[in-house]
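Peer 1: quick one, fold the following:
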Amino acid sequence: MAGRSSGIRRTVLQKLLLKLNLPAGSIGFWPAAALQQDELMYDAELFLRGLAHAGASDILCFGPELYGRLFPGEVYAPGPREAHGYTFHFLPPIREYLADNRAALEALLQRVRHALCIES
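Peer 2: Residues are numbered from 1 along each chain as shown. This next block holds a predicted model:
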């Protein structure tokens with residue numbers, strides 16, 4: 001649900017993956033939205049089917065967009081939430097972490113490690 005591709009977002013995710021140093025295949029990216037008539041639209045069925053197919057248990061979500069879809073009417077609150085048999089870890093939007101800001105990237109890395117119970 002992040003919209004069009006972003007070089008900054010891609011760079012931050014690449015740096016994050018490198019620093020996490022997890023085994024190949026342990027992290028995947030799956031869209032919560034599908035392109036419909038040139039517009040990204042939330043597609044719950046496609047999203048949940050993809051999570052099931054991937055065998056996911058913990059899902060990292062950057063920003064409030066998906067939170068509003070999974071918990072309509074609730075105020076966005078970063079942190080873990082259970083829904084549909086998964087643990088969703090809601091984190092601030094990636095745009096808050098600039099690719100060249102080491103302190104911000106380290107803060108994001110610590111939050112991701114905490115969410116996924118990975119030791120530093």
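Peer 1: show me where the protein has strands.
Peer 2: Across the chain, reading from the start of the chain, the strands by DSSP state E fall at 33-36, 39-42, 58-62, 79-83, 86-91.
Peer 1: closest to I118 out of those strands?
Peer 2: strand 58-62 (10.7 Å; Cβ to Cβ). All C-beta spots, glycine's among them, are computed from the backbone N, C-alpha and C.
Peer 1: with just CA atoms, put the closest one into CSV.
Peer 2: What follows is strand 58-62, C-alpha atoms only, in CSV (Å, rounded to 0.1, in the frame of the first residue of the first chain):
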residue,chain,number,x,y,z
ASP,A,58,5.1,-12.2,11.4
ILE,A,59,4.5,-9.3,9.0
LEU,A,60,6.2,-6.0,9.1
CYS,A,61,4.1,-3.1,8.0
PHE,A,62,5.6,0.4,7.5
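Peer 1: and the nearest residue to K19 once chain neighbours are set aside, how far from L20?
Peer 2: Nearest non-adjacent residue to K19, counting by Cβ to Cβ, 6 or more residues apart in numbering: L109, 5.3 Å away. Applying Cβ to Cβ, to the nearest Å, one obtains 7 Å for the distance of L109 from L20.
Peer 1: more neighbours: the two, which one.
Peer 2: Summary of the neighbour comparison: L109 and L20, criterion other Cβ atoms under 10 Å, with L109 having more neighbours (17 against 14).
Peer 1: for I118, see how far away the more buried one is.
Peer 2: For L109, the distance to I118 - Cβ to Cβ - is 10 Å.
Peer 1: residues shared between the contacts of the two?
Peer 2: L20 (Cβ atoms under 8 Å, 6 or more residues apart in numbering).
Peer 1: where does this structure have low pLDDT?
Peer 2: Per-residue confidence for the chain (pLDDT under 70) gives these ranges: 1-5, 95-99, 120.
Peer 1: helices of that one, start to end?
Peer 2: All helices of the chain, identified by DSSP state H, fall at 7-20, 44-54, 65-70, 102-115.
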